[in-house]
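Trainee: What follows is a predicted structure for the sequence shown.
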Amino acid sequence: MTSTSGQRHAATARLGNTHSTLDNVLVVIGTLLMAATYLWTLFSYRGQQEASSGTVVLPLVAGYMIGAILLVIGNLKRIPLTIIALIPFAAAINIVLGQIVGLSPIPLYMDTVATVLIGYLAGPAAGATTGAVTNLAWGLTINPTTIPFAAGAALIGLLAGYLGRAGVFSSWWRTLMSGVLVGIIAGFVGAPVAAYVYGGGMGVGTGSLVATLQATGQSLFAATTLQAVLSDAIDKGVVFLIVFLLGLGIPQRVKARFSRA
């Protein structure tokens with residue numbers, strides 16, 4: 001009994017004994033900063049075509065990146081040390097999948113499979129942290145263009161965690177519908193970054209879709225938003241189904257070891 005109790009304590013140990021008021025404040029500030037950045041960009045520069053304009057790019061990148069960092073810092077004490085140890089591996093999986101799909105003509109992303117899996121197993125805080133860490137690490141090591149998308153990645157992990165708590169992964173159709181809904185939300189959040197910082201889709205497939213939509217007379221922002229919503233809805237639907245299938249293969253006793261943060 002002592003050994004089992006010790007193992008359980010080690011599995012649920014956290015960086016700190018309590019989640020302080022300061023941590024909660026950091027999470028709230030980070031969330032509000034990302035929301036305010038999105039709304040400011042949406043309503044102030046919706047008709048702007050100059051994607052390289054510093055008046056858009058600098059505040060947008062800074063707001064999303066700082067917000068994501070605050071979200072990670074504020075959530076660390078919520079997450080068991082065993083989960084924190086898994087996050088770098090989860091981020092690596094996301095990065096590898098994202099790089100491969102990004103170089104293909106497929107207008108999808110597939111860079112949030114591990115984020116959704118961690119969110120489903122370990123809760124919203126762990127999911128959000130995995131998403132943010134993935135994009136920050138990806139941007140600092142391989143592809144700097146992914147850094148401003150850290151906010152959207154964190155949101156996906158956060159929503160996956162709450163949906164996991166709600167039990168949506170218990171059936172394939174609820175999983176699929178939830179993934180599509182998360183994708184639509186993520187598409188709207190990421191569209192301003194793709195449009196105003198990078199001039200449309202970043203990947204080969206997504207960029208081609210944006211160009212096609214613009215050829216029909218759509219503005220840069222409208223084309224990018226439509227592409228993002230369509231691609232993200234399909235992408236997250238597929239990602240959530242993958243996590244659902246992975247969950248079927250994970251023994252219940254293993255799932256029970258993950259403390260939902």
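Mentor: The structure has been received and is ready for your questions.
Trainee: low-confidence ranges in the stretch 151-261 of the chain?
Mentor: Scanning the stretch 151-261 of the chain for pLDDT under 70 picks out the ranges 201-204, 259-261.
Trainee: need the helices for it, in chain order.
Mentor: Using DSSP state H, counting those that start in this stretch, the helices of the stretch 151-261 of the chain run over 172-196, 204-215, 220-248, 252-257.
Trainee: Relative to A90, which of these is closest?
Mentor: With CB to CB, the closest approach to A90 among the helices of the stretch 151-261 of the chain belongs to helix 220-248: 11.8 Å. Every residue, glycine included, has its C-beta placed from N, CA and C.
Trainee: Report all helices and strands that the closest one contacts.
Mentor: On a contact count with 3 or more CB pairs under 8 Å, 6 or more residues apart in numbering; DSSP states H and E, helix 220-248 meets helix 113-122, helix 150-166, helix 172-196, helix 204-215.
Trainee: Which positions in stretch 133-145 come out as buried?
Mentor: By 16 or more other CB atoms under 10 Å, the buried positions in stretch 133-145 come out as V133, T134, N135, L136, A137, W138, G139, T145.
Trainee: V210 reaches Q227, doesn't it?
Mentor: Yes: with contact defined as CB atoms under 8 Å, V210 reaches Q227; the gap is 4.9 Å.
Trainee: before we move on, back to that, could you tell me which of the buried residues of stretch 133-145 are located in helices?
Mentor: Of the buried residues of stretch 133-145, the ones assigned to helices by DSSP state H are V133, T134, N135, L136, A137, W138, G139.
Trainee: closest to F149 among the residues you listed?
Mentor: Closest to F149, out of all of these and judged by CB to CB, is N135, at 5.3 Å.
Trainee: From F244, how far out is the closest one?
Mentor: N135 sits 24 Å away from F244, going by CB to CB, to the nearest Å.
Trainee: How about Q218?
Mentor: Look at Q218 and F244: by CB to CB, they are 34 Å apart.
Trainee: before we move on, what about P80?
Mentor: Using CB to CB, P80 is found at 23 Å from F244.
Trainee: on that earlier part again, of Q218 and F244, which one has the most company?
Mentor: Neighbours were counted for Q218 and for F244 using other CB atoms under 10 Å; F244 has more, 22 against 16.
Trainee: you'd agree that one is up against W173?
Mentor: No: in this structure F244 lies outside contact range of W173 using CB under 8 Å: 9.9 Å.
Trainee: what number of residues lie near P192?
Mentor: 25.
Trainee: That one contacts Y38, doesn't it?
Mentor: Yes: with contact defined as CB under 8 Å, P192 reaches Y38; the gap is 6.3 Å.
Trainee: Could you say which helix or strand holds D111?
Mentor: For D111, there is no enclosing helix or strand under DSSP states H and E.
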